[in-house]
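S.K.: Sequence plus predicted model, see below.
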Number of protein chains: 2
Amino acid sequence: MSKVTVQEKVLSENDRLAAGIRARLKARGIASLNLVSSPGAGKTSLLERTIRSLGGEIPMALIAGDVQTENDADRLKAAGARMVRPIVTGGACHLDARMVERALAELSLDGYRLLFIENVGNLVCPSSYDLGEDMKVVLVSTTEGDDKPLKYPGMFRRSSVMIVNKTDLLAHCDFNLDRVRANALRINGQLEIIELSCRTGEGLERWYDWLRRLVRPT
Amino acid sequence: MSKVTVQEKVLSENDRLAAGIRARLKARGIASLNLVSSPGAGKTSLLERTIRSLGGEIPMALIAGDVQTENDADRLKAAGARMVRPIVTGGACHLDARMVERALAELSLDGYRLLFIENVGNLVCPSSYDLGEDMKVVLVSTTEGDDKPLKYPGMFRRSSVMIVNKTDLLAHCDFNLDRVRANALRINGQLEIIELSCRTGEGLERWYDWLRRLVRPT
């Protein structure tokens, strides 16, 4: 079977839309990250810090998905984001490529280098939906338990980066950093792991450096 | 058949099975609670404490749902639970009535007064699936943010009790108890609210008293 034939697999409707989004972002030189986590793990807090510290250096656009309310988008605007587009799913437990495509149709991405897509807080369903992003970044917080990669393996398998947030609470939680690292690498040996605290700022420089490398012209 | 029609059909089948489960549990005088929350909010920890403190007084059976692993069921057995049945959903983001029906078919509930069903950690999808329980109990932890009832209203609307767990971490989090109460009651004015810490034990007596009233013969 030729290489072409192998590549001619039937894509689902979502995958087809996602491929289109990916091609368009790539053509414009925009890196894109799909942020996924449990509710309350700190996706919006991480984006707030990132906008404040890096927004002047890396032009970034944001799509903020939520089941109800536009609270997250409002927080990101207050943090100084220049381009934020909320998506309220109205009950749906994940973003899909069609929602992202519609959001992108309303944005002018000229001059942007990085697109963050903040997914709905859910460690299960968003793992199955390609949004056309370059990579998924999964957040896990020290208050959730270090067994999460084993219990929700799909998300950790499909992510490229795992951020361990809320390291400031380590002293108060039964959470072991070595164990979460080992559990995560058991599911996905390629995971880049970054530990930080959005509250104290500890570890954020490593995340910023990783983002700088991501958007650096090759 | 459209996607919506298929989903409606699945839900009506689920509701039919749930009604059957509810009738059978009621006929045997067994109260049943469906525990729902984000991953890591403390469902298993709450059940461990409850089994240790109340297991001798109230005969309780448990069904522990998980996406992968039987870790939760193992923890509950170690805590002294006499009857634990794991359900591994194999990727599915919620329990449904058929899974519970199958689990119950393998259990002899003679002599039990209370059935706990620990759902998959997910604040969105489990809200749509009636498992035949008397009530849903939603856990939210102080590390998740006090806006969760507004952001995931479906779950709080369909629950009868909200437990605020991890009160021992209040001093270290930007979480306001008055605000989470107000947000929750705005979504569901009938919610019973219980604040506690599974780590220190603070507040657990109120939960135990609530369970004692639930199973008291009327």
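M.R.: On my side now, so go ahead.

S.K.: ok, A:Pro126 to B:Glu192 distance?
M.R.: 31 Å (Cβ to Cβ, to the nearest Å). Glycine gets a C-beta too; all of them are placed from N, C-alpha and C.

S.K.: And those two? Which one has more around it.
M.R.: Neighbour comparison, A:Pro126 and B:Glu192: the larger count goes to A:Pro126, with 27 against 13 (by other Cβ atoms under 10 Å in any protein chain shown).

S.K.: Pairing partners for the residue nearest the centre of chain A in the sheet, please.
M.R.: Central residue of chain A (Cα atoms, centre = their mean): A:Leu35, 1.6 Å from the mean position. Counting by DSSP bridges, A:Leu35 forms beta bridges with A:Glu118, A:Val137.

S.K.: Let me know the distance separating it from A:Ser45.
M.R.: When A:Leu35 is compared with A:Ser45 (using Cβ to Cβ), they lie 11 Å apart.

S.K.: Ok, A:Ala31 next?
M.R.: For A:Ala31, the distance to A:Ser45 - Cβ to Cβ - is 21 Å.

S.K.: for A:Ala103, same thing?
M.R.: A:Ala103 is 22 Å from A:Ser45, by Cβ to Cβ.

S.K.: Now do A:Ala27: how many residues are near it, please.
M.R.: 8.

S.K.: Please report how far it lies from B:Glu57.
M.R.: 66 Å.

S.K.: What of A:Pro59?
M.R.: 62 Å.

S.K.: What residues does A:Leu139 make contact with?
M.R.: A:35-37, A:41-43, A:46, A:162-165 (Cβ atoms under 8 Å, 6 or more residues apart in numbering or on different chains).

S.K.: Among these, which lie within strands?
M.R.: When the contacts of A:Leu139 are checked against strands (DSSP state E), the matches are A:35-37, A:162-165.

S.K.: Now, of those residues, which are buried?
M.R.: A:35-37, A:162-165 (16 or more other Cβ atoms under 10 Å in any protein chain shown).

S.K.: Tell me where the longest helix sits in chain A.
M.R.: helix A:13-27 (DSSP state H).

S.K.: So is that one next to chain B?
M.R.: No. Residues of helix A:13-27 are not located near chain B by Cβ under 8 Å from any Cβ of the partner chain, the shortest gap being 10.7 Å.

S.K.: Save the ones in strands among the contacts of A:Leu139 as JSON lines, and put in pLDDT too.
M.R.: Below are the ones in strands among the contacts of A:Leu139 laid out as JSON lines (pLDDT from 0 to 100):
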{"residue": "A:Leu35", "pLDDT": "98"}
{"residue": "A:Val36", "pLDDT": "98"}
{"residue": "A:Ser37", "pLDDT": "97"}
{"residue": "A:Met162", "pLDDT": "98"}
{"residue": "A:Ile163", "pLDDT": "98"}
{"residue": "A:Val164", "pLDDT": "98"}
{"residue": "A:Asn165", "pLDDT": "98"}
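
S.K.: What is the nearest of these to A:Lys136?
M.R.: Closest approach to A:Lys136 among these (Cβ to Cβ): A:Val36, at 5.7 Å.

S.K.: That closest one against A:Leu123, yeah?
M.R.: Yes. Contact criterion Cβ atoms under 8 Å: A:Val36 and A:Leu123 qualify, at 7.4 Å.

S.K.: so what sits against both of these two?
M.R.: Common neighbours of A:Val36 and A:Leu123 (Cβ under 8 Å, 6+ apart) are A:138, A:155.

S.K.: for chain B, what are the nearby residues on chain A?
M.R.: So far as Cβ under 8 Å from any Cβ goes, chain A lies against chain B at A:38-40, A:66-69, A:71, A:91, A:93, A:120-125, A:141, A:143-145, A:147-148, A:150-154, A:166, A:168-169, A:172-174, A:199.

S.K.: which of these count as buried?
M.R.: A:38-40, A:66-67, A:71, A:93, A:120-125, A:141, A:143-145, A:147-148, A:150-154, A:166, A:168-169, A:172-173, A:199.

S.K.: Tell me which of these fall in helices.
M.R.: Those of those lying in helices (DSSP H): A:71, A:148, A:150-151, A:153-154.

S.K.: With respect to chain B, which of the contacts of A:Leu139 is nearest?
M.R.: A:Ala41 (8.0 Å; Cβ to the nearest Cβ).

S.K.: For the closest one, grab the count of nearby residues.
M.R.: Neighbours of A:Ala41 (other Cβ under 10 Å): 32.

S.K.: With A:Ala23 instead?
M.R.: Neighbours around A:Ala23, by other Cβ under 10 Å: 11.

S.K.: ditto for A:Thr44
M.R.: Counted with other Cβ under 10 Å, A:Thr44 comes out at 25.

S.K.: Can you check what pLDDT the model gives A:Ala18?
M.R.: On pLDDT, A:Ala18 comes in at 97.

S.K.: Quickly note the distance from it to A:Ser197.
M.R.: 32 Å.

S.K.: more crowded one of A:Ala103 and A:Ser45?
M.R.: A:Ser45 (21 against 18).

S.K.: pretty sure that one is touching A:Ser197, no?
M.R.: No. Counting by Cβ under 8 Å, A:Ser197 is not a contact partner of A:Ser45; they are 9.6 Å apart.

S.K.: what residues do those two have in common as contacts?
M.R.: With Cβ under 8 Å, 6+ apart, A:Ser45 and A:Ser197 have common neighbours A:Asn165.

S.K.: Going along the chain, name the strands of chain A.
M.R.: A:31-37, A:60-66, A:83-88, A:114-118, A:135-141, A:161-165, A:192-195.

S.K.: right, so of these, which gets closest to A:Leu214?
M.R.: Here strand A:31-37 is closest among the strands of chain A (Cβ to Cβ), at 5.1 Å.

S.K.: packing partners for the closest one?
M.R.: With contacts taken as 3 or more Cβ pairs under 8 Å, 6 or more residues apart in numbering or on different chains; DSSP states H and E, strand A:31-37 sits against helix A:13-27, helix A:43-54, strand A:114-118, strand A:135-141, helix A:204-215.
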